[in-house]
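Novice: Model the structure of this input:
(one chain, ligands or ions: 1)
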Amino acid sequence: MESPLLERTEGYIGGNWVGANASETFPVVNPATGEELARVQTMGATETREAVAAASKALRLSEPATLAERRGWLEGVRDALKAEKDEIGRILCLEHGKPLKEAVGEVDYAAGFFDYCARYIDHLDSHTIPETPKDCAWTVHYRPIGVAGLITPWNFPIGMIAKKLSAALAGGCPSVIKPAEDTPLTMIAAFRAIHDRNVLPAGMINLVMGPPKPIGDVLCEHPEVTMLSFTGSTPVGQHLVRETAGRVKKLSLELGGNAPFIIFDDADVDDAITQLIGNKFRGGGQTCVCANRVYVQSGIFETFADKLAERVEALKVGDGMEEGTDIGPLINQAGFDKVRRHVQDALAKGGTLKAGAHPDTLPESGSLFYPPTLVTGVQSEAACCQEETFGPFIPMVSFDSEDEVLAAANNTDYGLASYLFTQDETRAQRMIPAMRFGHVGWNTGTGPTPEAPFGGMKLSGIGREGGLEGLFEFVEPQTVPRSY
Ligand code: ADP
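Specialist: Residues are numbered from 1 along each chain as shown. All right, here's what the predicted structure looks like:
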């Protein structure tokens, strides 16, 4: 594909593009058409070590960058993304498949994290704590944690890195970034936009792309990488925990979810449906905060299902570049097959197809467009209630009591996002603290924002991104007597 931001589809180390003579490349494919968009330099352990060396050189420990300097970096990256948001969004749409408007919106969303950190960076200033006995006081400094490895998935090719990189820059930490193999072009384009504006010192950001294992192994083992921030699947997160245990590295992990979306009889049904549609079909249902299982109280179950079916049938599936598309293709065949398996299983276990196509009528291969599907009367034992589906499928489960739905919602090893629709405040006050999820959308399907800390409980992860909590992820507090 042609783009001024993709003249060089190469890695970036120490302020330079590094793959002009690359002998190995891998393809990036448009999931809507199957067309090869570009070939990207394949990097491995050697290049990752070079990237770590460049990042280590950029790490200023004895004379850390001032907060004002870091604010300048953050504002520079924010402005670079804003200035190129249409082109980066176009590239994102082509390699991911999500509708163009959503893709451009994601670039804006990403810029929002740099903006937030720039505005709140003064919270990382040193402060002094008086202590008894009198005449003793401590100053707390927030030191850069060191070189950080940032590993991101394909579902938000720029959003996910923005959450990590903004906090790393705020903390004064250089990074080595590894995007997902399916969607490296968005990141290359963002690096190009930042590079062209010269807003960061050489070595502050480095980009390596290629098979995950050799790159991941270096990031886990290298003594100069002191922190890993990862978003992706729980098995890979667990692997990183094991691989970094020997060096007790700091980890920030945002892993899988299994989001319940609960609607009580007393909810505003029309609003709940609008929120559910917006939440569930964002990114074609391929986000870790998408409702995975929808619990509707028995008194409104039928009405809710009828109204929802109508809205689901009205959604337009197509190429993200086409005007009016609501849902693009799934990212790859494995993703498509998983959704089909979950729908088949829900139907086999007694569910009723209310909207969408019967999975047995869909082609075995050749198209990644999955029709948005609604199945009612789904049983809790169905696979879609146990694991993340990651696609445009809504399974509706009926419930009677508050205790029953609370137990069902919490009956998972995951604890990322959840949603609760009720107009009864006392009920909400009872339920919310008992819901073991890092995010509870009470009467809203909105997911993470730059201002609010976001992350998971249980197998959904460690640490938070966004908010003041996220701002403190890449620093180590160091306490010294005030006289120092
Ligand atoms: P998803 O199911 O969303 O693709 P993954 O956990 O497989 O989630 O991938 C998320 C990111 O983690 C991707 O960038 C992928 O390349 C990377 N990854 C996968 N395996 C490893 C590994 N062993 N070490 C480091 N990174 C890995």
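
Novice: Kindly indicate whether residue 430 is helix, strand or coil.
Specialist: helix (DSSP: H, G, I helix; E, B strand; the rest coil).

Novice: scratch that, residue 177
Specialist: Counting by three-state DSSP, the backbone at residue 177 sits in strand.

Novice: what secondary structure does the closest residue to it other than its chain neighbours sit in?
Specialist: Of all residues beyond its chain neighbours, the one nearest residue 177 is residue 150 (4.7 Å), with distances taken as CB to CB, 6 or more residues apart in numbering. Every residue, glycine included, has its C-beta placed from N, CA and C. With three-state DSSP as the basis, the three-state label of residue 150 is strand.

Novice: ok, now which ones touch residue 150?
Specialist: 161, 164-165, 168, 175-178, 228-230 (CB atoms under 8 Å, 6 or more residues apart in numbering).

Novice: separation between the residue nearest to the spatial centre of the chain and the ligand?
Specialist: In the chain, the residue lying closest to the centroid (CA atoms, centre = their mean) is residue 160, at 4.4 Å. Residue 160 sits 9 Å away from the ligand, going by CB to the nearest ligand atom, to the nearest Å.

Novice: what does residue 245 give?
Specialist: For residue 245, the distance to the ligand - CB to the nearest ligand atom - is 14 Å.

Novice: From residue 220, how far out is that residue?
Specialist: Taking CB to CB, to the nearest Å as the measure, residue 245 and residue 220 are separated by 9 Å.

Novice: The two: who's more crowded?
Specialist: Relative neighbour count places residue 220 above the other of residue 245 and residue 220, with 20 against 11, counting by other CB atoms under 10 Å.

Novice: Kindly indicate whether the closest residue to residue 82 other than its chain neighbours is helix, strand or coil.
Specialist: With sequence-adjacent residues excluded and distances taken as CB to CB, 6+ apart, residue 82 is closest to residue 111, at 5.1 Å. Secondary structure assignment for residue 111 (three-state DSSP): helix.

Novice: wouldn't residue 111 be in contact with residue 162 here?
Specialist: Yes: between residue 111 and residue 162 there is a contact under CB atoms under 8 Å: 7.3 Å.

Novice: So for the two, which sits in the more crowded spot?
Specialist: Neighbours per residue (other CB under 10 Å) separate residue 111 from residue 162, with residue 162 holding more: 27 against 23.

Novice: Quick check: phi and psi at the more buried one.
Specialist: In terms of degrees, to the nearest 10, the main-chain angles of residue 162 are phi -60, psi -40.

Novice: For it, list the residues it contacts.
Specialist: Per CB under 8 Å, 6+ apart, neighbours of residue 162: 81, 109-114.

Novice: Check the gap between it and the ligand for me.
Specialist: From residue 162 to the ligand the distance is 15 Å (CB to the nearest ligand atom).

Novice: Per-residue pLDDT of that residue, please?
Specialist: Residue 162 carries a pLDDT score of 98 in this model.

Novice: where's it relative to residue 247, distance?
Specialist: 27 Å.

Novice: again with residue 197
Specialist: 35 Å.

Novice: try residue 260
Specialist: For residue 260, the distance to residue 247 - CB to CB - is 37 Å.

Novice: Measure how buried the nearest residue to residue 261 once chain neighbours are set aside is and give me the count.
Specialist: Among residues not flanking residue 261 along the chain, residue 291 sits closest, at 3.6 Å (CB to CB, 6+ apart). A count of nearby residues for residue 291, using other CB under 10 Å, gives 26.

Novice: which residues touch residue 291?
Specialist: Counted by CB under 8 Å, 6+ apart, residue 291 has contacts 259-261, 276, 279-280, 394, 419, 445.

Novice: In helices only, show me those residues.
Specialist: 276, 279-280 (DSSP state H).

Novice: top of those residues by neighbour count?
Specialist: Sorting the ones in helices among the contacts of residue 291 by how many neighbours each has (other CB under 10 Å) puts residue 280 first, at 27 neighbours.

Novice: Is the residue of the stretch 151-300 of the chain found nearest the ligand in a helix, a strand, or coil?
Specialist: For the stretch 151-300 of the chain, the residue closest to the ligand is residue 216, as judged by CB to the nearest ligand atom, at 2.2 Å. Following three-state DSSP, we place residue 216 in the helix state.

Novice: roughly how far apart are it and residue 482?
Specialist: For residue 216, the distance to residue 482 - CB to CB - is 42 Å.

Novice: What about the residue in the stretch 351-484 of the chain that the ligand sits nearest to, how many residues nearby?
Specialist: As assessed by CB to the nearest ligand atom, the ligand sits closest to residue 390 within the stretch 351-484 of the chain, at 7.8 Å. For residue 390, the count of nearby residues is 25 (other CB under 10 Å).

Novice: so it makes contact with residue 283?
Specialist: No: judged on CB under 8 Å, residue 390 makes no contact with residue 283 at a distance of 9.2 Å.

Novice: okay, and the common contacts of these two?
Specialist: Both residue 390 and residue 283 are in contact with residue 290, where contact means CB under 8 Å, 6+ apart.

Novice: Show me what counts as buried in stretch 455-468.
Specialist: Neighbour counts over stretch 455-468 (16 or more other CB atoms under 10 Å) mark 455-456, 458-467 as buried.

Novice: Just the C-alpha atoms of stretch 15-31, please, in CSV.
Specialist: Taking Å, rounded to 0.1, in the frame of the first residue of the first chain, the C-alpha atoms of stretch 15-31 are listed here in CSV:
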residue,chain,number,x,y,z
GLY,A,15,16.5,7.0,16.5
ASN,A,16,17.2,5.2,13.1
TRP,A,17,15.3,3.0,10.8
VAL,A,18,17.3,-0.2,10.7
GLY,A,19,16.1,-2.7,8.1
ALA,A,20,17.1,-1.4,4.7
ASN,A,21,19.0,-4.6,4.0
ALA,A,22,16.6,-7.0,5.7
SER,A,23,16.7,-10.4,4.2
GLU,A,24,13.6,-11.6,5.9
THR,A,25,10.2,-10.0,5.8
PHE,A,26,6.7,-11.0,6.8
PRO,A,27,3.4,-10.0,5.2
VAL,A,28,0.6,-7.9,6.6
VAL,A,29,-2.8,-8.7,5.1
ASN,A,30,-6.0,-6.7,4.9
PRO,A,31,-8.5,-9.0,6.6
